[in-house]
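Fold the following, please.
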Amino acid sequence: MRLSDLFAEAARNLSGQGVRSLLALLGVVIGSAAIVALLNLGHMAQEETLKRFRQTGVDMLQLQAQPAGPALLGLDLEQLELAGVAEPGVLQITPLATTRTLVRFGASHVEAMVAATPPAMAKVAGLHVVRGRLLGNIDDCGSAVLVGEQLANQLSTPGQAMAPGALIMVGGYGFTVVGVLGPTPMEALSPVDYNQAVVMPLACSRRVMAGPDATAALVRLRLDADPEKVGQSLVARLTRPGLGVQARDARAMIRAMKTQAAVHSRLLTAIGGISLLVGGIGVMNVMLMTVMERRREIGLRSAMGATPMDIRLMFLIEGMVLSLGGGLLGALLGLAATAVVAKASGWEFVVALWILPLGPGMAAVVGLIFGLYPAIAASRIQPIEALRAD
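Predicted coordinates for the structure are as follows:
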């Protein structure tokens with residue numbers, strides 16, 4: 001008998017068992033769905049995390065001031081400028097200072113983040129406006145500010161919408177809104193969520209900020225620069241009594257995330273594999289019951305010339321078809337589950353093609369392993385005893 005005929009016969013035999021086959025399928029479906037869904041969710045989470053580096057890029061360092069005493073010291077702006085010139089691996093250093101304070105607009109008020117940045121930060125962070133304009137050199141030491149779209153909506157009231165030209169109070173000082181920022185993705189190395197922040201010029205921000213220094217800086221590196229060495233050199237240059245400096249490397253962060261994702265993938269695969277093992281036990285039970293019910297058929301096949309290998313192969317294929325069918329259904333169910341989670345989380349739904357064969361493939365292997373004992377048991381049935389017992 002040809003192999004294709006054996007698969008067709010196995011499908012007919014399984015469909016004839018009805019509910020019993022469906023119950024055996026259930027465990028395999030759940031196991032396969034768990035493998036595909038969990039691994040694909042991990043892949044989507046990694047993709048969403050990597051999106052946070054797309055604007056700033058991977059050739060970037062973040063320097064963060066860490067005051068070690070009562071004085072709120074920060075990164076000295078002159079030292080930052082000198083370090084950018086003296087360090088050969090640095091293309092650009094963009095300082096910024098942040099604080100949280102009360103922001104008032106009309107009758108509305110809320111505590112929000114305030115970021116003081118130079119005009120160059122607009123390109124580094126990918127800032128754009130939906131109304132008005134961005135800050136420029138002309139605004140240094142002026143009272144112009146930008147407001148994030150979410151913060152603008154939060155402060156707006158019916159009949160008094162936040163718009164360019166509006167007067168807002170930031171930390172008790174009046175500022176004029178010159179632009180409302182459009183939606184800005186949160187970047188991994190950016191300490192500011194610009195959607196909910198007020199952005200002002202860095203040059204004369206002492207009225208609102210705790211001190212004249214920057215609290216952080218974003219450093220653009222040359223492509224051939226060693227981020228770890230450049231970071232250590234900048235930390236050594238900028239550290240002073242009462243102030244520590246921490247350097248965060250985008251490439252090192254990505255490597256750490258990929259390592260962590262690999263560990264999670266192995267763990268999730270193990271969880272799905274356990275579910276498949278439980279399903280495999282169900283497949284073995286169903287196949288053993290099938291062998292007992294089909295003793296007469298086995299005896300007739302043996303009497304007509306079927307070898308023990310033929311009998312074993314027939315039941316092995318039935319076990320594999322049962323498991324593979326459950327694996328395919330589980331893979332589809334897993335993809336549907338990840339699509340639902342992606343929509344609920346606001347993620348982009350993506351499918352890692354390497355994940356798709358894992359569920360059905362592992363299910364087929366489980367079917368082969370757990371179908372082996374019933375197949376051997378069937379091949380050992382003696383034709384005369386099978387026909388006489390019936």
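
quick one: pLDDT of A261?
pLDDT for A261: 74.

how far away is it from S345?
Look at A261 and S345: by C-beta to C-beta, to the nearest Å, they are 17 Å apart. In short, each C-beta sits where N, CA and C put it, glycine included.

of these two, who's got more company?
A261 (15 against 12; other C-beta atoms under 10 Å).

which regions of the protein sit below the pLDDT cut-off?
Low-confidence segments of the chain (pLDDT under 70): 1-21, 24, 52-58, 69, 71, 384-390.

Which single strand of it contains the most residues?
The strand that spans the most residues within the chain, counting by DSSP state E, is strand 90-105.

Mind checking what helix or strand follows that strand in sequence?
Next helix or strand after strand 90-105 toward the C-terminus (DSSP states H and E): strand 108-117.

mind listing what's buried in the following helix or strand past that following strand?
Remark: after strand 108-117, the chain's next helix or strand is helix 121-125, criterion DSSP H and E. Across helix 121-125, burial judged by 16 or more other C-beta atoms under 10 Å covers M121, A122, V124, A125.

what separates the closest residue to the third one other than its chain neighbours from A161, distance-wise?
Read it as V124. When the adjacent residues along the chain are set aside, V124 lies closest to T94, with 5.1 Å between them (C-beta to C-beta, 6 or more residues apart in numbering). Separation of T94 from A161 (C-beta to C-beta): 31 Å.

So if I had to pick from those two, which one is more boxed in?
Neighbour tally, T94 and A161, criterion other C-beta under 10 Å: the higher count belongs to T94, 23 against 14.

Mind jotting down where the helices sit in this protein?
Secondary structure of the chain (DSSP state H): helices located at 3-16, 19-50, 77-86, 121-125, 149-155, 227-238, 250-293, 295-303, 308-345, 358-370, 372-379, 383-389.

quick revisit: could you list every helix and strand in contact with the longest strand of the chain?
helix 77-86, strand 108-117, helix 121-125, helix 149-155, strand 167-170, strand 216-221 (3 or more C-beta pairs under 8 Å, 6 or more residues apart in numbering; DSSP states H and E).

Which elements pack onto the first one?
The one in question is helix 77-86. strand 90-105, helix 227-238.

go with 10 Å
strand 90-105, strand 216-221, helix 227-238 (3 or more C-beta pairs under 10 Å, 6 or more residues apart in numbering; DSSP states H and E).

List the buried residues in it.
Here helix 77-86 shows L77, L80, A83, G84 as buried, counting by 16+ other C-beta under 10 Å.

Please produce a markdown table containing the residues you listed, extended by distance to V208.
Converted to a markdown table, these look like this (distance: C-beta to C-beta, whole Å):
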| residue | distance to V208 |
| --- | --- |
| L77 | 16 |
| L80 | 20 |
| A83 | 26 |
| G84 | 25 |
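
out of everything not next to it in sequence, what's closest to V291?
For V291, the spatially nearest residue (C-beta to C-beta, 6+ apart) is A378, at 4.5 Å.

One more: K229?
K229 sits nearest to G89 (C-beta to C-beta, 6+ apart), 7.4 Å away.

what number of residues lie near that neighbour?
G89 has 19 nearby residues by other C-beta under 10 Å.

Would you confirm that it contacts V219?
Yes: counting by C-beta atoms under 10 Å, G89 touches V219, with 9.1 Å between them.

Residues that sit against both of those two, list them.
D59, L61, A225, P227, V230, G231, L234 (C-beta atoms under 10 Å, 6 or more residues apart in numbering).

And those residues, which two are furthest apart?
Spatially, the most separated pair among the shared contacts of G89 and V219 is D59 and L234, at 14.4 Å (C-beta to C-beta).

Tell me which of the two has more neighbours.
L234 (26 against 18).

Identify the residues contacting that one.
61, 63, 75, 79-80, 83-84, 86-87, 89-90, 93, 217, 219, 245, 247.

farthest pair in the residues you listed?
Largest pairwise distance in those, by C-beta to C-beta, is 18.0 Å, between L75 and G89.

for stretch 241-256, the distance to its chain's centre please.
Between the mean C-alpha location of stretch 241-256 and the chain-wide mean there is a distance of 22 Å, by C-alpha atoms, centre = their mean, to the nearest Å.

Buried residues, that stretch. List them.
L243, V245, A247, R248, D249, A250, R251, M253, I254.

mind checking the end-to-end distance for that stretch?
31 Å (C-alpha to C-alpha, to the nearest Å).

re the thing from before, each with direction, which strands does the longest strand of the chain pair with?
Paired neighbours of strand 90-105 in the sheet (DSSP bridges): strand 108-117 (antiparallel), strand 167-170 (antiparallel), strand 216-221 (antiparallel).

in it, what's buried?
In strand 90-105, counting by 16+ other C-beta under 10 Å, buried: V90, I93, T94, P95, L96, A97, T98, T99, T101, V103, R104, F105.

Skipping adjacent residues, who's closest to the second one in space?
Leaving out its chain neighbours, the residue that sits closest to I93 by C-beta to C-beta, 6+ apart is G84, at 4.1 Å.

still on that earlier bit, mind checking how far the longest strand of the chain is from the chain centre?
A distance of 28 Å separates the centroid of the chain from that of strand 90-105, by C-alpha atoms, centre = their mean.

next one: stretch 320-330
On C-alpha atoms, centre = their mean, the centre of stretch 320-330 falls 28 Å from that of its chain.

Restricting to C-alpha, output it in CSV.
What follows is stretch 320-330, C-alpha atoms only, in CSV (Å, rounded to 0.1, in the frame of the first residue of the first chain):
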residue,chain,number,x,y,z
MET,A,320,0.8,11.3,13.6
VAL,A,321,-2.2,12.4,11.6
LEU,A,322,-4.2,12.9,14.8
SER,A,323,-1.3,15.0,16.4
LEU,A,324,-0.4,16.9,13.3
GLY,A,325,-4.0,17.9,12.7
GLY,A,326,-4.2,19.1,16.3
GLY,A,327,-0.9,21.0,15.8
LEU,A,328,-2.2,22.8,12.8
LEU,A,329,-5.4,23.8,14.5
GLY,A,330,-3.4,24.9,17.5
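
That'll do, ta.
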